[in-house]
Structures are given as structure tokens and as C-alpha cells.
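Engineer: sequence and predicted structure are below.
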Amino acid sequence: MKLYSYFRSSAAFRARIALNLKGLDYDTIPIHLVKDGGHQLKPEFRTVNPQKRVPVLALPGGELLLQSLALIEYLDETHPQPPLLPADTLARAQVRAVAQIIACDIHPLNNTAVLNYLRHRMSQDKAAVQAWYEHWILEGFEAVEALLKPGPYAFGAQVTVADICIVPQVANARRLNVPLDAFPKIVAVDAACLKLKAFDHARPENQPDVE
């Protein structure tokens, strides 16, 4: 398998964690989202992903999987051990809700494309962009903090897709100096997850394309 990735992309970070948890080998194909105006905009990458984003997982048969949550659920269905979703139907819905707060509400408002639009098309200065970024993380994390179950992970003793989404978003928040003092449960989940090799090896600073 090949993973089109960018070391700082939180969505690609999620995919790397899932692949590691499943014990699957993959080759990284770096797609720099900033250099030269963004390599994701090059015509050759548009044939890989018309949405011009990472991650993309290329399967051995040539099929291409887009969108981190869809990719992760594919891996969970085709490689069921260890499971990334609870067996219980209600618990599965609760885990998915936390994952989607991050992947569908927080992250889309703070990804590179949106921040660049604010900077270049809306002429917002650094302080305004930072305020925007911080606002959406804090608002989303308030909800996540309230929904987490007793640890060590987001929903107890089993790592789930909720944890896979939380850790990259915490990394982004810390990189941009967003205060996390109000979210002790989220911080504890992040610390517990990063003790696992699958999470640690997926961190941006451990990627082949890190700068």
C-alpha cells in the first residue's frame, strides 16, 4: 500500500495511526501542502485525488481511497483486529460522534485551504487567522471534553477512532499555541495514546518528509 501524506496534515496523521494500529506496511508518498504553492494542486496529483487533499491510500490493486474516516473504516472492515469501533451499537454511534466533531466540524474550518483563503482572499492578518483557528478548536473541544468516558482512552480501555481523531487535533492545537488547560480529559487521552507505538510512530516529527 502507498499513503499520499503530508507530515503536518492531521487527516493524514489519522490514517497513519490506523495503519500502524492494524500492523500494515505502507510506503509514504509525500505531498507538500505549502511548498511551491502546494503540490496537491499539481495536475498529476489531481488524477489521484480530484479534491486535491491528503490522505489518499493506494491499495495493492490500484484502487484509491479518499477521506480519512472512510479510509479508516475500510481498514477496520478489511483488517478487523484490533477493532477501532466498539461492538455495541450505541457505543459505536457515540465514538463516531466524537470522531466527527473533530473531523467534520473542527478540522474543516482550520485546514490549510481555509486558512490560506482567510489570509490571501479575505486579507486577514496573522492575529485574525489565529483567533479564527483558536475559536473553532476551543468550541469543538468543549463538546468533546463533555462526551469522553473514563479512560485511559476516549471511551475506556480500547483505542477507537475517537482517539485516532483526538491526538492529531491536539498536536495541531499545541503547534499553534492554543491553550488546553480547560480540557484535562482530552489532554489525558492524548498522553495515554502517545505511549503506544502506533501513535508515536505516526507523529509528524517521525515522518520521512518532516522539515
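Structural biologist: Everything's here; your move.
Engineer: and the helix or strand containing Leu75, what does it pack onto?
Structural biologist: Leu75 belongs to helix 68-78 when elements are defined using DSSP states H and E. Where contact means 3 or more CB pairs under 8 Å, 6 or more residues apart in numbering; DSSP states H and E, helix 68-78 is packed against helix 10-21, helix 161-175. (Glycine included, C-beta is placed from N, CA and C.)
Engineer: mind listing what's buried in the helix or strand following it?
Structural biologist: Toward the C-terminal end, the helix or strand that comes next after helix 68-78 (DSSP H and E) is helix 89-100. Residues of helix 89-100 classed as buried: 91-92, 94-96, 98-99 (neighbour count, 16 or more other CB atoms under 10 Å).
Engineer: wait, which of the residues you listed is closest to Leu69?
Structural biologist: Ala99 (6.5 Å; CB to CB).
Engineer: wait, that closest one sits on Cys165?
Structural biologist: Yes - in this structure, Ala99 is within contact of Cys165 by CB atoms under 8 Å, at 4.5 Å.
Engineer: follow-up on the earlier one: mean pLDDT and mean neighbour count for the helices and strands packed on helix 68-78 - can I get that in a markdown table?
Structural biologist: Shown next, in a markdown table, are the helices and strands packed on helix 68-78 (pLDDT from 0 to 100; neighbours: other CB atoms under 10 Å):
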| stretch | mean pLDDT | mean neighbour count |
| --- | --- | --- |
| helix 10-21 | 98 | 25 |
| helix 161-175 | 97 | 24 |
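Engineer: reformat those as a markdown table; add distance to Tyr74.
Structural biologist: Supplementary listing: those in a markdown table, determined by distance: least, CB to CB, whole Å:
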| stretch | distance to Tyr74 |
| --- | --- |
| helix 10-21 | 9 |
| helix 161-175 | 12 |
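Engineer: which neighbours do Ala99 and Cys165 have in common?
Structural biologist: With contacts defined as CB atoms under 8 Å, 6 or more residues apart in numbering, no residue is shared by Ala99 and Cys165.
Engineer: now Lys2. Its backbone dihedrals?
Structural biologist: Backbone torsions of Lys2, given as degrees, to the nearest 10, read phi -130, psi 140.
Engineer: leaving out sequence neighbours, find the closest residue to it.
Structural biologist: Closest residue to Lys2 apart from its sequence neighbours, by CB to CB, 6 or more residues apart in numbering: Ala58 at 4.2 Å.
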